[in-house]
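> Just to be clear, the model below is a prediction. Sequence and coordinates:
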Amino acid sequence: MFPGQGSQYIGMGKEFYEQIPICKEVYDLASEVTGLDIPALCFEENEKLNITEYTQICMLTTEAAIYMALEQNGYQPDVTAGLSLGEYGALIASGVMTAEEAFELVRKRGIFMQEAVPAGGAMAAVLGLDAAAIEKICRETAEQTGSEVSIANYNCPGQIVISGQEEAVHLAGETCKASGAKRVVPLKVSGPFHSKMLQGAGEKLKEELKKVETIREIKVSEIIETEPYGYTDQDKFLNAAIGFETLLTPDALLSVCHEIEKKGKRERKIHWGPRTIDLDILLYGDCVMHTETLTIPHSEMHKRQFVLEPLSEIAPYVKHPVLGESVSMLLEDLEEHK
């Protein structure tokens with residue numbers, strides 16, 4: 001789990017930097033990518049560390065450095081997760097982004113967010129008051145003051161973060177305390193993060209994300225030739241499976257598949273008929289979904305040997321999230337019941 005802004009402090013990561021060579025390499029890489037002296041910002045007394053333009057890249061560098069030290073010592077995560085900014089640390093750890101890509105992106109993210117609210121803003125954690133009461137207080141405060149304040153994060157039962165313009169956040173916080181909140185804790189941030197005030201920054205970041213490689217090839221099976229399935233009056237099938245990590249949502253990935261099929265001149269004239277290329281999304285992590293355009297897991301995958309054979313080559317132990325059996329077991333069951 002990688003944390004977000006607010007947990008930074010002068011000296012964070014210093015011992016890792018000084019004692020573990022790979023950690024120093026990570027800090028040096030971040031400095032090279034961003035043009036900033038990241039060690040100085042993290043380790044020496046300065047006013048910049050709590051300004052989001054610098055906070056974000058410093059925190060991500062420290063997170064990445066510590067993770068790299070763990071990885072070098074044989075620790076591999078089964079699952080990665082991050083809170084807000086921490087999502088980028090999780091993306092590095094999961095292999096979805098390289099450290100260099102994440103450093104470049106987060107540096108821009110920090111600048112965009114600082115530019116969006118040059119006058120700053122505030123956030124505060126409200127403890128011990130239910131969500132409905134906080135929502136009402138934020139709404140009434142915003143109406144009374146003409147300023148922005150709203151719930152930013154539902155962290156957990158009993159801890160909710162509000163965000164917005166400084167005076168409005170302060171007033172809402174005082175009202176929360178008067179309404180029974182146990183505590184209202186101001187966060188060490190320089191902006192109203194996770195609020196509508198950052199919408200412009202989000203649009204800019206969206207354009208930068210488009211430049212990041214969104215699909216990373218992990219494994220590709222051998223090509224397997226099989227008899228045609230469904231409509232049999234056609235040439236033999238050439239089948240393969242590919243496994244990869246992606247930033248794309250299932251629907252966005254489906255659109256990419258359709259674009260590739262279009263470039264491959266696929267024509268949909270006969271159901272299961274001859275086609276130059278046919279791309280299906282079989283699995284998407286543990287996702288289970290069914291819409292008009294997409295079903296995950298693929299509804300027929302467990303019935304098709306020409307699907308399971310190449311898939312078992314690259315992912316034999318991956319479990320079907322509905323049937324609960326591994327790919328290799330599904331293939332074995334299918335072969336037994338021929």
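Thanks, I have it.
> Just the buried residues of stretch 69-88, please?
By neighbour count with 16 or more other C-beta atoms under 10 Å, stretch 69-88 contains the buried residues 69, 80, 82-86, 88. All C-beta atoms are positioned from the backbone trio N, CA, C, and that covers glycine.
> And stretch 269-284, by the same measure?
275, 281-284.
> Among the buried residues of stretch 69-88, which pair sits farthest apart?
Maximum pairwise distance among those (C-beta to C-beta): 23.0 Å, between 69 and 84.
> re earlier: which of the buried residues of stretch 269-284 lies at the shortest distance from residue 324?
Using C-beta to C-beta, the buried residues of stretch 269-284 come closest to residue 324 at residue 283, 13.2 Å.
> gap between that closest one and residue 317?
Shown here: residue 283 relative to residue 317, a distance of 12 Å by C-beta to C-beta, to the nearest Å.
> first vs last residue of stretch 181-199, how far apart are they?
With C-alpha to C-alpha, to the nearest Å applied, stretch 181-199 spans 29 Å between its terminal residues.
> How far off centre is it?
21 Å (C-alpha atoms, centre = their mean, to the nearest Å).
> now do stretch 28-43
24 Å.
> pLDDT on that stretch, on average?
Averaging pLDDT along stretch 28-43 gives 98.
> how about the helices in the stretch 201-338 of the chain?
Secondary structure of the stretch 201-338 of the chain (DSSP state H, counting those that start in this stretch): helices at 250-263, 305-314, 327-336.
> Now residue 72. Nearest residue, chain neighbours left out?
residue 22 (5.4 Å; C-beta to C-beta, 6 or more residues apart in numbering).
> can you confirm that neighbour is in a helix?
Yes - counting by DSSP: H, G, I helix; E, B strand; the rest coil, residue 22 is found in a helix.
> Neighbours of it, how many?
13 (other C-beta atoms under 10 Å).
> which ones are touching it?
65, 68-69, 72 (C-beta atoms under 8 Å, 6 or more residues apart in numbering).
> what pairs with the lowest-mean-pLDDT helix or strand in the chain, and is each one parallel or antiparallel?
When each helix and strand of the chain is scored by mean pLDDT, DSSP states H and E, strand 215-220 comes last, with a mean of 80. Strand pairing for strand 215-220, using DSSP bridges, gives strand 242-246 (antiparallel).
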